[in-house]
Every structure is written in structure tokens, then in C-alpha cells.
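[1] Structure of the sequence below:
(one chain, ligands or ions: 1)
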Amino acid sequence: AGLKSAGIFDPMCGIVGYVGKRPARELLLAGLGKLEYRGCDSAGISVIAGDRIDAVRAVGNLSALHAKFDESAATAEAVGGSVAVATAKEDIARSSELATTGIGHTRWATHGRVSEQNAHPHFDSAGRVHVVVNGIVENYVTLKEGLTGDGSVFTSETDAEVIAHLIAHFYEGDLAAAVRAAYAQLEGHYAFVAMCLDEPEVLVGARKECPLIVGRGEGEQFVASAVPAFLAETRQVQYVENGEIVILRPDGVTITDAHGAVVERGVELVDWDEETAEKGGYETFMLKEIHEQADAVAEAISDRTARGDGVDLDEQGAFDESILVGVKRIVIVACGTSYHAGLIGRYAIEEWARVPVEMDIASEYRYRNPVVGPGDLVVGISQSGETADTLAAMKLARERGASVLAITNVMGSQATREADGVLFTRAGLEIGVAATKTFMCQVAVVYLLGLRLAEL
Ligand code: GLU
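    I've put the predicted structure just below:
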């Protein structure tokens, strides 16, 4: 509990920000490197370079992002023919490299596929406000509709992008004020850091449930979702508490409550070594992940129960509830821990929805000649989404005309391609080999499925 209230608890991916006098890009890349172990399906960095903000994003792990920077440096050098063009390109690459304010992100997708467009930073239509976001904005659909009506042009499928447009919508020359106004509209659990071209030496962060920590330096400041991101640069930290907003400038940091009243916060010294810091102060990743179970489950059920009067499993591009209509029988296929999540889920589904549920170990199922076909819903549960036996069982069922639903923790995994619908468990990356939080989230998601079937 002590660790959690200190704000170092974090089931999600990574955000990092820097404002100071040194080139930001290298520091941001180094910081993201320290957060990569949390899971990273895409990554990106934005820096304020003179009269523009440069965003570079890439799908894959951080090496893909590094490669992009190397590539653009090489192009700048290689542009021949027109000396003027070459010089202009070099200038742009150079100003970006030297920029001293920036934000970076490693994404573990929850809403919207893994793609470059969906990678963070996200920005408003004019490209003046950039943000990096951890967590989930639950009411993004409503906000997006309103903002689109007001002329905002969205370029991603994420929930996170609304934050950039919302801040831009409220912006009247004071980024902190605009963030406060935006924050008041946002529901969910998230942390974000924003910057604006009009205030090149300011970063503003805000948090609700997800962590945000400030690293204090001399004439420079860091902010990140976890301490390891800046541990190589400073050990002086300030914890931003839930519901607070933080304003960073090279020469100082101000923390306020959601209404702008200044909050005093002491500076603490972290004495962890790098390894302890990666484990959030816990002895092992498994212990850390056990402590993350409550938050992981909150993540799994959050917006699916946000309406308050029922369960909503629809998710653009991932799940369309029509596959649940008219289901006569459910067959759950899985292996190992996932199989056990199914065993528990079966009780719930049968109890609530009165639909018969059969359980099968995927490796047995695929090697017999199962009776399965139209009217059946076959649910494949796999943490990684790559369990070969489960994938084969799902494929077999699909060939025989059953509807297939995947429950997995990994966006973009093979299971998501073998299924008619996908429910993501949203547990964040699990490093411990024995399943803990991913198991809890599988059970939670099967429960949601049972509840929704009961409603239908
Ligand atoms: N919900 C956001 C997205 O899917 C952020 C996910 C994360 O924390 O990486 O883009």
C-alpha cells in the first residue's frame, strides 16, 4: 500500500517528458528505453523545434523508432541536386535534434489497432498541441463526437487523441488552464503530458489513477510514468498525486489541484538501484504484478461498465455484439491458466445467461472430431494470443461454421486474426511467468461476457 500511494504503481506502458537546456530527443529515447520492459507495440517522440513540433512515430519496439531517426538523418545528408533543399532538410533535422522540450511514449494499445497513426504523441488539427497518454479515456466517443462537430479532424482510432483536441479547444494562451479545463471533461483513468507550440518551455501533466512522477534537475525537469525513465539523470523526485496537475519549466515545477490551487509537495530522494526501480520497488516482477491485479481488473471492466446500467462490449474494429445474438451453446477452448479462467467463467455464464457452456482443452479439441457448427460460439482464451493449440482449435471451429471469439491480452496477436470478435483483457504486459493479473482479467472479461449474454 505504501508503494501504491507513493504513485509508483503502474500496469501500463510508458510516458516521459523533458524540458531544460539539453537536447531532449536523446534523453527521451534513453528514458523510453528504461520503460520498454513494460510492453511496447509502438513508440514516438515529439519535440518543439523552433516554429514547429516534430513528431516521429514507429510501429514495433524502440529500435524501430531509433531506425527512423537514423533514416531521416541519412536522408538529410543524402539529398543531392539542390543545395538549398539539402540545407533546409539538414536544418530541420538539426533543429529537431537540438530541441530542448519534448515528450515521448511507448504504447501498449487498448483502443485502436497497433499502427503508426495510432501511436503517440497525438496532436490537435493544427498540430500545435501534442500529448502522450497512458491509460484509458472512458468517455472518448462522446467527446470525439462533440469535437468533430466543432471542426476537429481526428487522425487516429485511439481514445487518447481526444485529449489533444480538447486542450486545443480550450487553449487561450495558457496551457495549464487549458489542461485543467480539459481534465474536467475527461472520465477514466489515465495520465498524460501535454505541450504546446505557443509555450515552448512548458510541459503540463495530469493524472487520474495512473502514475506520474517528476524528476527534478538543475535548470531542467523530467516527468514520467515511472522512476526508471529518469533515474540515470536525477534521483530527486516529486510524486504527483491523483487529481493533480503539474506544470514544468526549466527552472521549476508547480503542482496544483484540479482547480489550479497550488499544492506544496516535498522533494524525495529515491535510493533504488535500477533493477529495483524497474520492479516498482518490489522484489520480483511477479509480486509487482500481483499488486497490480486490482488496477488491471479496473482497466478490463472500466469503459465496458461505464454506462452504469449494463455491460457494453462493443469496440470499434474489435468487437461487434451481433455475434452474441442467437447463440445456442458456448464452447471455451484454452490451455493451462487460460483454461482455468474458462472453468470459472463457465459457472458464471451458465448461472447468469442460462446458455450451456462446454470446456475443452485446446490440445484435445483440435485432435478429435468435435461436434461444432453454426449457432455455437467458440471462445478461445489465450494471454499471448499465440498459443498454437488454441489457435488451431479456433480455426477448426470457424471452418465448421461456428462464431469465434478471442479473449487475449495482446493486440495484433494471431488470435485476433483468427476470430470474428476480440475482447482484450487490458492487463498490461505481464513479465512473471506464472500468470497473475492476466488471469484475473481473463476471469473478469468472461464474467462480462456472461453478464452481457444474460442481458441479451
Ligand atoms: N488508451 C491509449 C491507447 O490505446 C493508451 C494506451 C497506453 O497506455 O499505452 O492508445
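
[2] Next one: Asn118 relative to Gly112, how far apart?
    Plainly put, Asn118 is 4 Å away from Gly112 if you go by C-beta to C-beta, to the nearest Å. For glycine as for every other residue, the C-beta is placed from the backbone atoms N, C-alpha and C.

[3] what is in contact with the two at once?
    Common contact partners of Asn118 and Gly112 (C-beta atoms under 8 Å, 6 or more residues apart in numbering): 156-158.

[4] Provide a ChimeraX selection command restricted to the buried entries of these.
    Paste this into ChimeraX to select the buried members of these, with burial taken from 16 or more other C-beta atoms under 10 Å:
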select :156,158
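
[5] Out of the shared contacts of Asn118 and Gly112, which comes closest to Leu143?
    Checking these against Leu143 by C-beta to C-beta gives Thr158 as the nearest, at 12.3 Å.

[6] That closest one sits in which helix or strand?
    Element membership for Thr158, per DSSP states H and E: none, as it lies in no helix or strand.

[7] and the host helix or strand of Ser46, which residues are buried?
    Secondary structure from DSSP H and E places Ser46 in strand 42-49. For strand 42-49, a neighbour-count test (16+ other C-beta under 10 Å) marks 42-49 as buried.

[8] Equivalent analysis for stretch 341-353, please.
    Residues 341-342, 345-346, 348-349, 352-353 are the ones in stretch 341-353 that count as buried (16+ other C-beta under 10 Å).

[9] Inside helices: which ones of those residues?
    341-342, 345-346, 348-349, 352-353 (DSSP state H).

[10] Going along the chain, name the helices of the stretch 301-450 of the chain.
    336-353, 362-365, 388-399, 414-418, 437-455 (DSSP state H, counting those that start in this stretch).

[11] for the stretch 151-300 of the chain, same thing?
    161-170, 175-185, 274-278, 285-291, 293-301.

[12] mind saving the C-alpha coords of the first one as PDB?
    I take that to be helix 161-170. What follows is helix 161-170, C-alpha atoms only, in PDB (Å, rounded to 0.1, in the frame of the first residue of the first chain):
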ATOM      1  CA  GLU A 161      -6.300  11.600 -29.200                       C
ATOM      2  CA  VAL A 162      -9.400  13.500 -27.800                       C
ATOM      3  CA  ILE A 163      -7.100  14.900 -25.100                       C
ATOM      4  CA  ALA A 164      -5.000  16.800 -27.600                       C
ATOM      5  CA  HIS A 165      -8.100  18.200 -29.400                       C
ATOM      6  CA  LEU A 166      -9.800  19.100 -26.100                       C
ATOM      7  CA  ILE A 167      -6.800  21.000 -24.800                       C
ATOM      8  CA  ALA A 168      -6.500  22.900 -28.100                       C
ATOM      9  CA  HIS A 169     -10.300  23.600 -27.900                       C
ATOM     10  CA  PHE A 170      -9.800  25.300 -24.500                       C
END
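
[13] Contact residues of the protein facing the ligand?
    Residues of the chain lying close to the ligand (C-beta under 6 Å from any ligand atom) are 12-13, 107-112, 133-136, 158-160.

[14] out of those residues, which are buried?
    Buried members of the residues of the chain next to the ligand, scored by 16+ other C-beta under 10 Å, are 12-13, 107-112, 133-136, 158-160.

[15] quick one: which of those sit in strands?
    107, 133-136 (DSSP state E).

[16] Quick check on the residue in the stretch 201-350 of the chain that the ligand sits nearest to: phi, psi?
    With C-beta to the nearest ligand atom, the shortest gap between the stretch 201-350 of the chain and the ligand falls at Cys210, namely 7.7 Å. Here is the backbone geometry of Cys210 (degrees, to the nearest 10): phi -80, psi 150.

[17] All further residue positions should be reported with the first residue as 24.
    Yep, numbering from 24; the last one is Cys233 now.

[18] residue contacts, the spatially closest residue to Asp274 that is not a sequence neighbour?
    In space, and not counting its chain neighbours, Asp274 is closest to Gly242: 6.3 Å by C-beta to C-beta, 6 or more residues apart in numbering. Gly242 sits next to 43-44, 273-274 when contact means C-beta under 8 Å, 6+ apart.

[19] Turn these into JSON lines, including distance to Leu336 and pLDDT.
    JSON lines is the format used below for the contacts of Gly242 (distance: C-beta to C-beta, whole Å; pLDDT from 0 to 100):
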{"residue": "Gly43", "distance to Leu336": "45", "pLDDT": "98"}
{"residue": "Lys44", "distance to Leu336": "49", "pLDDT": "96"}
{"residue": "Pro273", "distance to Leu336": "46", "pLDDT": "98"}
{"residue": "Asp274", "distance to Leu336": "49", "pLDDT": "97"}
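
[20] Can you say which of these are buried?
    Burial by neighbour count, 16+ other C-beta under 10 Å: within those this picks out 43, 273.

[21] So what does the residue in the stretch 324-473 of the chain that the ligand sits nearest to look like in phi/psi?
    As assessed by C-beta to the nearest ligand atom, the ligand sits closest to Gly451 within the stretch 324-473 of the chain, at 8.0 Å. Backbone torsions for Gly451, taken as degrees, to the nearest 10, come to phi 80, psi 170.

[22] my guess is it meets Trp131, correct?
    Yes: judged on C-beta atoms under 8 Å, Gly451 makes contact with Trp131 at a distance of 6.1 Å.

[23] beta partners for the nearest residue to Ser361 once chain neighbours are set aside?
    Distances taken as C-beta to C-beta, 6+ apart place Ile404 nearest to Ser361, at 4.0 Å, with adjacent residues excluded. Counting by DSSP bridges, Ile404 is bridged to Ala357, Ile430.
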